[in-house]
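S.K.: output the structure for:
(chains A, B, C and D)
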2 protein chains.
Amino acid sequence: MAKIGDRNRELIIQAASEIFAARGYAATKTMDIANHAGLPKANVYYYFKSKKNLYRSVVESVIDPLLQAATPFYENDDPATVLEQYIRAKIRVSQQHPHASKVFASEIMHGAPHLPEDIAEQMMEQTRVSSNRIASWVKRQLIDPVDPHHLLFTIWAATQTYADFDWQISRVTGKDKMSQADYDTAAEQLTRLILKGCGVKSIQPE
Amino acid sequence: MAKIGDRNRELIIQAASEIFAARGYAATKTMDIANHAGLPKANVYYYFKSKKNLYRSVVESVIDPLLQAATPFYENDDPATVLEQYIRAKIRVSQQHPHASKVFASEIMHGAPHLPEDIAEQMMEQTRVSSNRIASWVKRQLIDPVDPHHLLFTIWAATQTYADFDWQISRVTGKDKMSQADYDTAAEQLTRLILKGCGVKSIQPE
DNA sequence: GTCTATACTAGGATAGAC
DNA sequence: GTCTATCCTAGTATAGAC
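M.R.: Okay, here's the model as predicted:
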C-alpha cells in the first residue's frame, strides 16, 4: 500500500509550494524543501526524481484553483453579476492560495518557461471567452465601450496583487497579515470601482 | 582617467538589468552578464566585487524613475489632474524601464531582501502623502468614499502589469511588443476606469 | 520504501600574468 | 586597468545499506 508515499508526496508538494513561492525556483534548495517537509533529502528525489520535476508538479497542483476562477463567465450573462463574482473569485484565490499565486506570477514574469503548453492554451481559451463576453456587453450597450483585454488585465493585476505583493501591502497597511474583513473590503472596493468605472447597467435591475 | 571604466560599468549594469529581469537573481549567472555585456567575467568582479553587490547597484540604478512617478501628488490637488498624470507616469515607467520594473517587482514579491531600508522608507513616505491626499479628496467629497490604500494598490498593480507580465499581455493580444499606441490606449482606458469608478469631480471643471 | 554517505558539477570568486 | 586560468564551495543527484 502506498499510503505513506501519498502522504509524503503531499507533504513535499506543500512544502515546495511555500518555498518556491517565497524564494523562486533557482534560489530554492531541495534541502530546504526536505527540511520544511520534515523528511530526508533523498526522499524528495525518490518521489520526484529531480528538482525540475518537483517544480512542475507544484505548478500543476496550483493550476486548478486558478482555472476555476473563470467560471462566472461561463454561467451567467449579466455584467454586474459576472464581474462581481469574478472579482470575488480572483480575490479568494489570492487569499486561499497565496503560494500558488506567487509561483504562478513568477512563472509568468519570467516568460512561463515551465508552463505546459496545454495549460497555457486552456487559459488563453478562457481569456477568449471572457473577452468575447465583455465585447458583447459593449455591443449591447450594457457597459461603456471598454477594451476587453485591458479590462481583464486590470482585474487580473488588481486581484493578484494581494497575494503577489503581500510584502508591500503589509508594509503599507501596517498589518502583518490581511484579515477576512480586509479581503472583503478589497473585493468590495474593486467591484465598485470596476462596475461604476465601466458604467455597468444590470440586465436584471431591482 | 577612468573613462573606460565608467563605460564598462555602464555596460555591465545595463546587461545585468536585462538578465536579472528576465531570469531573477538566483537564476542569473555572472558569466551570462559578462557575455551579454561583451566583457570577460573577471571584469565584472573587478568592477563590482560580487554578484550580490552588482545586483544592489542594479536595484539602485532602477529606483529613481520609480520614485519620480509620484510627483503629480506633490504638484497639484485636483483629483482628475493628479490621477490622470499619475497613471500616465506609472505606465510610462512600465514602458520605458521594463527591466527595472521587473527587477523591482521580483524584489518585492520575495519580501524585498535586497532593498535598502532608506529606499523602502522613501517609498512609504510617498505612499503616506498620496493616501493622505486621496483621503482629503474623500473628505471634501471631490471623489467617492474609497479606501486610499486599496485605490493605490489597484493603480500600482494595473500599471505595473504591462511591464511585469508582458509575456501574458503579448500572448493575449497576439502582439510581440506593445506599440506606443497600445500604451496610450492602456493609459486612457485605465484613467477613464479610475476617474469614473471613483466618481471624480474636478475642482476646475470646464 | 527509507535514509546515510558520497559523487559530481555548476558557478561564484580570485591569483597573478600582461 | 584587463583578462586567463584556476580554486573552491554549495547544491543536485545517486549508490547502496538498511
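S.K.: is it true that A:Ser130 touches A:Leu151?
M.R.: No - applying CB atoms under 8 Å as the test, A:Ser130 and A:Leu151 come out as separate, 9.2 Å apart. The C-beta positions use only the backbone N, C-alpha and C, and glycine is treated the same way.
S.K.: in the longest helix that chain A contains, what's buried?
M.R.: The longest helix of chain A (DSSP state H) is helix A:117-139. Going by neighbour count (16 or more other CB atoms under 10 Å in any protein chain shown), the buried part of helix A:117-139 is A:123, A:126-127, A:130-131, A:133-134, A:137-138.
S.K.: mind listing the helices for chain A?
M.R.: Using DSSP H, the helices of chain A run over A:3-23, A:30-37, A:41-48, A:51-68, A:72-75, A:79-96, A:98-109, A:117-139, A:148-164, A:166-173, A:180-197.
S.K.: out of those helices, which is closest to B:Ala89?
M.R.: With CB to CB, the closest approach to B:Ala89 among the helices of chain A belongs to helix A:148-164: 17.0 Å.
S.K.: so what's whichever residue of chain A sits closest to chain B scoring on pLDDT?
M.R.: Closest to chain B within chain A is A:Gly197: 2.9 Å, counting by CB to the nearest CB. Looking at A:Gly197, its pLDDT is 98.
S.K.: do A:Arg7 as well
M.R.: With respect to pLDDT, A:Arg7 has a value of 91.
S.K.: burial of it, as a residue count?
M.R.: For A:Arg7, the neighbour count with other CB atoms under 10 Å in any protein chain shown is 10.
S.K.: residues in contact with it?
M.R.: A:Arg7 is in contact with no residue at all, counting by CB atoms under 8 Å, 6 or more residues apart in numbering or on different chains.
S.K.: what's the distance between it and DNA strand C?
M.R.: Separation of A:Arg7 from DNA strand C (CB to the nearest atom of the strand, to the nearest Å) stands at 8 Å.
S.K.: ok, back up a step: out of the helices of chain A, the one nearest B:Asp184 is which?
M.R.: Per CB to CB, nearest to B:Asp184 of the helices of chain A: helix A:148-164, 11.4 Å.
S.K.: and A:Pro145, its phi and psi?
M.R.: Dihedral pair for A:Pro145: phi -70, psi 80, per degrees, to the nearest 10.
S.K.: my guess is it meets A:Ala135, correct?
M.R.: No - if you go by CB under 8 Å, A:Pro145 and A:Ala135 don't touch, sitting 9.8 Å apart.
S.K.: ok, back up a step: which of the buried residues of helix A:117-139 sits closest to B:Ala34?
M.R.: Using CB to CB, these come closest to B:Ala34 at A:Met123, 36.4 Å.
S.K.: which residues does the closest one contact?
M.R.: Going by CB under 8 Å, 6+ apart, A:Met123 touches A:66-67.
S.K.: check A:Ala112 too.
M.R.: A:120, B:167.
S.K.: with A:Ala16 as the reference, measure out to it.
M.R.: 19 Å (CB to CB, to the nearest Å).
S.K.: same question for A:Thr161.
M.R.: Distance from A:Thr161 to A:Ala16, by CB to CB: 24 Å.
S.K.: do A:Met124 as well
M.R.: 27 Å.
S.K.: what's the answer for A:Pro40, then?
M.R.: Counting by CB to CB - A:Pro40 and A:Ala16 are separated by 15 Å.
S.K.: check the gap between A:Trp156 and DNA strand D for me.
M.R.: For A:Trp156, the distance to DNA strand D - CB to the nearest atom of the strand - is 31 Å.
S.K.: correct me, but that residue touches A:Val93?
M.R.: No - using CB under 8 Å as the test, A:Trp156 is too far from A:Val93 to be in contact (10.7 Å).
S.K.: need the residues of chain A near DNA strand C, please.
M.R.: Selection of chain A residues close to DNA strand C by CB under 7 Å from any atom of the strand yields A:1-2, A:4-5, A:8, A:39-43, A:46.
S.K.: as a markdown table, these with neighbour count and distance to A:Lys52 would be great.
M.R.: Formatted as a markdown table, those follow (neighbours: other CB atoms under 10 Å in any protein chain shown; distance: CB to CB, whole Å):
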| residue | neighbour count | distance to A:Lys52 |
| --- | --- | --- |
| A:Met1 | 5 | 29 |
| A:Ala2 | 8 | 23 |
| A:Ile4 | 8 | 25 |
| A:Gly5 | 12 | 21 |
| A:Asn8 | 18 | 19 |
| A:Leu39 | 17 | 19 |
| A:Pro40 | 12 | 20 |
| A:Lys41 | 15 | 16 |
| A:Ala42 | 10 | 17 |
| A:Asn43 | 16 | 17 |
| A:Tyr46 | 13 | 16 |
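S.K.: picking that back up, tell me how far the longest helix of chain A lies from the chain's centre.
M.R.: 16 Å (CA atoms, centre = their mean, to the nearest Å).
S.K.: quick one, that helix and helix A:51-68 angle?
M.R.: Interaxial angle of helix A:117-139 relative to helix A:51-68 (axes from the mean of the first three to the mean of the last three CA atoms, to 10 degrees): 20 degrees.
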